[in-house]
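>>> sequence and predicted structure below; questions after.
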Amino acid sequence: MPPKMPDKHGHGRPILGRIEPDEFVGRERALEQVLRLSSQGKNERGLLLLAAPSIGVSEFLRQAYDELFRRHDDAIPIYFALTRNDKSAVGAARHFLQTFLQQLVAYRRHDPLLSTAALSINDLMEMISPGDYEWVERLVAATERVRADEDAQAMVRLCLSAPQRAASSGARPFILLDGLE
């Protein structure tokens, strides 16, 4: 059977997930609980999932991202996984900012393919929605100034402030962090 082709909203195939949603079985209730957290409005709470390595938590978080992206309601899913390539706090923070902006653009444009496309910050700035442009432009400009000053602590703070800045502008990011062991 040929692979399912996605429609423009990501239906028919995983976005970040590595397996088909209908093959991700046995965790429907837990997944629904996480998805419910994304729609609680002003009474938001965090959730910490602690699990042994290699039992599927990363796939669980990617499936949550995919479902939130497909539902396209109020919460903007942002999935970020620390990797072995994130060797410094500054590198990890810059990776987070790039991922955050890329997934924000993908969500706002209803284009799941942008979630994993190879895009630069300049590419993203050209695609950012008008409602997000002002705060994103200020954040990117500030990170460029701090990078020139080589202030690592300020760079980390700025990059990790993206969700708060988005929220201050009316967006509702729902952050799914992975790889924090």
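Structure received.
>>> okay, and Ala117 sits in which element?
Per DSSP states H and E: Ala117 is located in neither a helix nor a strand.
>>> next up, identify which helix or strand the residue nearest to it when sequence neighbours are not counted is on.
In space, Ala117 comes closest to Gln102 once its chain neighbours are excluded; the distance is 7.4 Å by Cβ to Cβ, 6 or more residues apart in numbering. Glycine gets a C-beta too; all of them are placed from N, C-alpha and C. Per DSSP H and E, Gln102 falls inside helix 89-108.
>>> give the buried residues for that helix.
Going by neighbour count (16 or more other Cβ atoms under 10 Å), the buried part of helix 89-108 is 90, 92-108.
>>> helix or strand: which one has the residue positioned nearest the centre of the chain?
Nearest to the geometric centre of the chain sits Ile78, at 1.8 Å (Cα atoms, centre = their mean). Under the criterion of DSSP H and E, Ile78 resides in strand 76-81.
>>> list the buried residues in that strand.
Here strand 76-81 shows Ile76, Pro77, Ile78, Tyr79, Phe80, Ala81 as buried, counting by 16+ other Cβ under 10 Å.
>>> need the residues you listed in TSV (columns: pLDDT).
Shown next, in TSV, are these (pLDDT from 0 to 100):
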residue	pLDDT
Ile76	94
Pro77	95
Ile78	95
Tyr79	95
Phe80	94
Ala81	91
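>>> which of those lies closest to Ile175?
Distance to Ile175 across these (Cβ to Cβ) is lowest for Ile78, with 5.1 Å.
>>> burial of Thr83, as a residue count?
12 (other Cβ atoms under 10 Å).
>>> now do the same contact list for Ser120.
Ser120 makes contact with no residue under the criterion Cβ atoms under 8 Å, 6 or more residues apart in numbering.
>>> report pLDDT for it.
For Ser120, the pLDDT comes out at 94.
>>> cool, Trp135 as well?
96.
>>> in what helix or strand does it lie?
Assigned by DSSP H and E, Trp135 falls within helix 130-149.
>>> packing partners for that helix?
Secondary-structure packing of helix 130-149 (3 or more Cβ pairs under 8 Å, 6 or more residues apart in numbering; DSSP states H and E): helix 89-108, helix 121-127, helix 152-160, helix 162-168.
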